[in-house]
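Q: just coords:
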């Protein structure tokens, strides 16, 4: 099965204080039809940028290089009609805050049928029927009444369901979801994510799910791609994520999160703070925070390699199997009081 | 729970490179810089008038009336033989001083009223807002004419009247800014620290909205200048033989038909250049401050 | 609703915070424009916290947890009920400057969004010095030393002291907010979703820091959060709020291991974790 979406060596530059700087580098991944991948990372990771690049929603002053292929055709060079058709029928995006992405002075019904009507995909009655059907699919009661309402009359959770229905209305082949549940309550989040997962499976949609919540991504996606400082650092199946995680950063993310079922004596925190791509001078982007850093990490930039059924950007991956959490523990103990706030400068790994 | 905007996180405030504004050179807006230079030049001219003007603005010479540009009179002379260049230079003093006084008065009172009103809220705020609404209804010039009718022509009456007329424009903008800013967590934090209300308003709130004050003041300066020039034109402001630009436009009016439009044109040109400089600068400042925002 | 006494009175006989029948009602215009209606944000909330303990108030949006915290802090006035801090009852109505200054020595607050909780035009050391100047008689040198001490307590140093908030990362800004809150040496610290806006790795650092500070200074925490995992990590006791009312309360371990109220159970089951899959419960959505 050939890949529906292929991203090759994607690099994006944005002006930071009037100078063009890279915010994403060397991102390469492929998605088969029907597959769902979670793009996970913290601030500055570039995960949102990557998904926006796929739908060509980057600011005009961004500089993009590399390749994005959708069904074999290049996305970055599309123009005019071809671009409109791509955005209208092939790919759809769901945003984090529905309220800022919906026109507040138009009714829900207008908004939902708009894409269908303007692209001539079907007539007015059929569009309305389709939309009502979709709204019922996503669990919106009394759909016909909702169509006549305005966005401000709906709660955040309800509006997000409307957004999902609207995205599905054009029957896209690829769905991009950018932090769709982050601004929702946790119970609403579960509901919305369940709907999304169900609809995706039913329609065999391909999905890119951007989030900062690793566990959430693992629950709804087939694969997890972890990004840090604009680099893709790990890519592996979510089913075995917890057992086979290889990159120190991914392991750190997993370990940083507290658990509702037990209190940790101390959270094994990754020291320092998440960096942006242009703050990483050379070598491994995670070198300044990694418990296992060695000289070679700082000098040479690493490539994504196939290891243990997934890809990882770390030359010590095999060596570090099973040692990852232990490494964070030891580092935290070694650093002493307030040591976890250390900024890059004097960082030393436990093996150095 | 809070919205995450990755682009803003990565790049910080949006750079001033939108097509509407034009390019910046190393972060400095060339148009704004040019306007600022013009304004500085005008201020210097006004301050150093006695040193710069070749003649006294009152020096009559009937024999030399209506002369064109020459070595002795760079811009020529007016209907009474007075040197136009000198009159323009000295005119800068009056034409810039008036608006300056207006802006200072309007800004101080407007800011004070706005902040107190936004802070206290309730009935006080309501009453103040209604008073401002009433003031909005009066065109500045009418108010100034009224003041002159009551207190006689000159600089003082129109200036005070126009200050009152401009007050609501400044107060309105600042009041909404103050209301917006006041509910931000850092103001709550000041409360929680136990800071007295006056300190919070002056040391924390005001510094964060003063860029708006500056923008409003700069923009209003141009309008105030035009209004005051109109007052002078009507003969209600400073009286002849002083050479406020508005007055010069009026004086030179009768000469236009006889083929000597210089006086009116030069004076009008000075007004236009000054007003445009202030307006453009105010506009650019507004953009610069907006793009600096969080 | 489960009645459980959860805080024992200390030998001295005084709670750090004691809240009784707290109630907050807002008058809002009805949608449609006809008349005004009462919206009850907080309804009959009572609890007590022992000095040095850590109580979490958990709930989703609209639960009233933040309003409760703001009333205790004095940023909002209760419609009814009483608040007693360290044995002293808080007065009704807006507090005057002198009263506020006194309360600032009793209780402080750290807000959710670190950046907007700092004056963007004030340097870090000035923000902290301002608090010291207000509450303590110190020489300039003593004050500088104390600023350094407070910053050190949260893991910041000279470089950060001279910086403006926008030059700092979210985690650093929040630590400045914590240092500033500790400057007046309060007995109680309210943390209103204080780690919710932070990256996961930074969140872990700040949670560790808060635990350290409590151990070192004996300060009492009132931790407002929607995140049960964070609550487990940081609190001894917990109150669950829904639509302005307390639906469950008790020691954190008991409430999270063995929840009694269906709402608490729903909250717990909605947390993404290893082996979890989101399921539709067909719940009715909150007021649309």
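A: Ah, there it is. Please read these numbers as outputs of a predicted model, since none were measured by experiment.

Q: Backbone dihedrals for residue C:36, both of them.
A: phi -120, psi 150 (degrees, to the nearest 10).

Q: Surely it touches residue C:26?
A: No. At 9.7 Å, residue C:36 does not count as touching residue C:26 under the criterion of CB atoms under 8 Å. C-beta here means a position set from N, CA and C on the backbone, and glycine is covered the same way.

Q: which of the two has more neighbours?
A: Taking neighbours as other CB atoms under 10 Å in any protein chain shown, residue C:36 and residue C:26 compare with residue C:26 leading, 14 against 10.

Q: Work out for me the element that one sits within.
A: strand C:17-29 (DSSP states H and E).

Q: which parts of that strand are buried?
A: C:17, C:18, C:19, C:22, C:23, C:24 (16 or more other CB atoms under 10 Å in any protein chain shown).

Q: swap in stretch A:67-83?
A: A:68, A:69, A:70, A:75, A:78.

Q: Now do that stretch: everything it contacts.
A: With CB atoms under 8 Å, 6 or more residues apart in numbering or on different chains as the test, stretch A:67-83 has contacts from A:2-10, A:53-54, A:56, A:64, A:66, A:86, A:90-91, A:173-174.

Q: With stretch A:100-109 instead?
A: Under CB under 8 Å, 6+ apart, the answer for stretch A:100-109 is A:95, A:111, A:128, A:131, A:146-152, A:154, A:159, A:162-163.

Q: how about a cut-off of 7 Å?
A: A:95, A:111, A:146, A:147, A:148, A:149, A:150, A:151, A:152, A:162 (CB atoms under 7 Å, 6 or more residues apart in numbering or on different chains).

Q: What residue in chain A is the furthest from its centre?
A: residue A:125 (35.8 Å; CA atoms, centre = their mean).

Q: what helix or strand does it sit in?
A: Going by DSSP H and E, residue A:125 is part of helix A:124-137.

Q: average model confidence for the helix or strand just after that helix?
A: As assigned by DSSP H and E, the chain's next helix or strand after helix A:124-137 is helix A:143-147. Per-residue pLDDT over helix A:143-147 has a mean of 88.

Q: Which elements pack onto helix A:143-147?
A: helix A:108-118, helix A:124-137 (3 or more CB pairs under 7 Å, 6 or more residues apart in numbering or on different chains; DSSP states H and E).

Q: ok now it, how far from the chain's centre?
A: Its chain's average C-alpha position is 31 Å from that of helix A:143-147, according to CA atoms, centre = their mean, to the nearest Å.

Q: what's the answer for stretch C:92-99, then?
A: Relative to its parent chain, stretch C:92-99 has a centroid offset of 21 Å by CA atoms, centre = their mean.

Q: Any idea how far stretch A:11-27 is from the middle of the chain?
A: 18 Å.

Q: Same check on stretch A:94-106?
A: Relative to the chain's own centre, stretch A:94-106 is displaced by 20 Å; criterion: CA atoms, centre = their mean.

Q: Please, where are all the strands along chain C?
A: Counting by DSSP state E, chain C has strands at residues C:17-29, C:36-49, C:54-58, C:80-85, C:88-89, C:107-110, C:188-192, C:220-225, C:237-242, C:245-251.

Q: Quick check: can you name the pairing partners of the fourth one and their directions?
A: Within its sheet, strand C:80-85 is paired with strand C:17-29 (antiparallel), strand C:88-89 (antiparallel), according to DSSP bridges.

Q: need the least confident one among the ones you listed, by mean pLDDT.
A: strand C:88-89 - the lowest mean pLDDT of the strands paired with strand C:80-85, at a mean of 84.

Q: neighbouring contacts of it?
A: By CB under 7 Å, 6+ apart, strand C:88-89 touches residue C:82.

Q: Would you pull up how far stretch C:261-279 lies from the middle of the chain?
A: In terms of CA atoms, centre = their mean, the centre of stretch C:261-279 is set 24 Å apart from its chain centre.
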